[in-house]
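test case, fold it:
(one chain, ligands or ions: 1)
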Amino acid sequence: DSHSSSTGGAEMEPDCLILIGKEEDIKKSQRITAKINGREIVVFYHEGKFHALDSRCYHEGGPLCLGEIEDIDGQACIVCPWHKFKITLETGEGLYEGINPLEPSPTPKWQSKGVKQRIHKVTIDSGNVYVSPPDLSVSFDSDYFAEKYKNGGELAM
Ligand code: FES
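Residues are numbered from 1 along each chain as shown. Have a look, this model is predicted:
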């Protein structure tokens, strides 16, 4: 008597957490992409922590899963491969380098544009990595591209 009804490979747990994979495997590969309710996400393992974000960049939908991780002012950031936007892994904030022209000798400083990329809550349980389904009552800029690319769909021309 089979009780599993799989939707696109993601198994729903009773408490609605979505199984992404084995902790050991993701620690080795350092990143993995997954679908949660048809939405593309990417889970990174970086410096001892797991981070899950929408995989399509909030700017124009670039594939963050192919980006490099850089340390910017002590914050781990994924750098989008398309136009090099920087997004903090911890909070999904977009960073930009700004100058205050009123300073005597203006030097560029990293500043936050606020949370642009939706991040997803990661739970580790018995060696498995789970992500919580997104709370869609709050919206983020990356939602637009998450919708566009949902279920493997391509951007309309
Ligand atoms: Fe990511 Fe433009 S699409 S920086």
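
from now on I want contacts and neighbour counts done on CA atoms only, so please keep to that.
Will do.

and Gln117, what is it in contact with?
Leu53, Asp54, Cys57, Tyr58, Ile87, Gly92, Glu93, Gly94, Phe140, Asp141, Ser142, Asp143 (Cα atoms under 8 Å, 6 or more residues apart in numbering).

what's the nearest residue to it if we skip its chain neighbours?
Gly92 (4.6 Å; Cα to Cα, 6 or more residues apart in numbering).

spell out whether stretch 129-148 and the ligand are in contact.
No - judged by Cα under 6 Å from any ligand atom, stretch 129-148 stays clear of the ligand, getting no closer than 9.8 Å.

need the contact list for the residue nearest the centre of the chain.
Compute the mean C-alpha point of the chain, and by Cα atoms, centre = their mean the closest residue is Leu53, 1.3 Å away. Shown in contact with Leu53 (Cα under 8 Å, 6+ apart): Ile41, Val42, Val43, Leu89, Gly92, Gln117, Arg118, Ile119, His120.

pretty sure the residue nearest to Gln117 sits against Lys113.
No - the criterion here is Cα atoms under 8 Å, and Gly92 misses it with Lys113 at 10.1 Å.

that older thread, now for the residue nearest to Gln117: which residues touch it?
Neighbours of Gly92 in contact, by Cα under 8 Å, 6+ apart: Leu53, Val115, Lys116, Gln117, Arg118, Ile119.

any chance of those in JSON lines, with pLDDT, distance to the ligand and secondary structure too?
Shown next, in JSON lines, are the contacts of Gly92 (pLDDT from 0 to 100; distance: Cα to the nearest ligand atom, whole Å; DSSP: H, G, I helix; E, B strand; the rest coil):
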{"residue": "Leu53", "pLDDT": "98", "distance to the ligand": "13", "secondary structure": "strand"}
{"residue": "Val115", "pLDDT": "98", "distance to the ligand": "14", "secondary structure": "strand"}
{"residue": "Lys116", "pLDDT": "98", "distance to the ligand": "11", "secondary structure": "coil"}
{"residue": "Gln117", "pLDDT": "98", "distance to the ligand": "10", "secondary structure": "coil"}
{"residue": "Arg118", "pLDDT": "98", "distance to the ligand": "14", "secondary structure": "coil"}
{"residue": "Ile119", "pLDDT": "98", "distance to the ligand": "15", "secondary structure": "strand"}
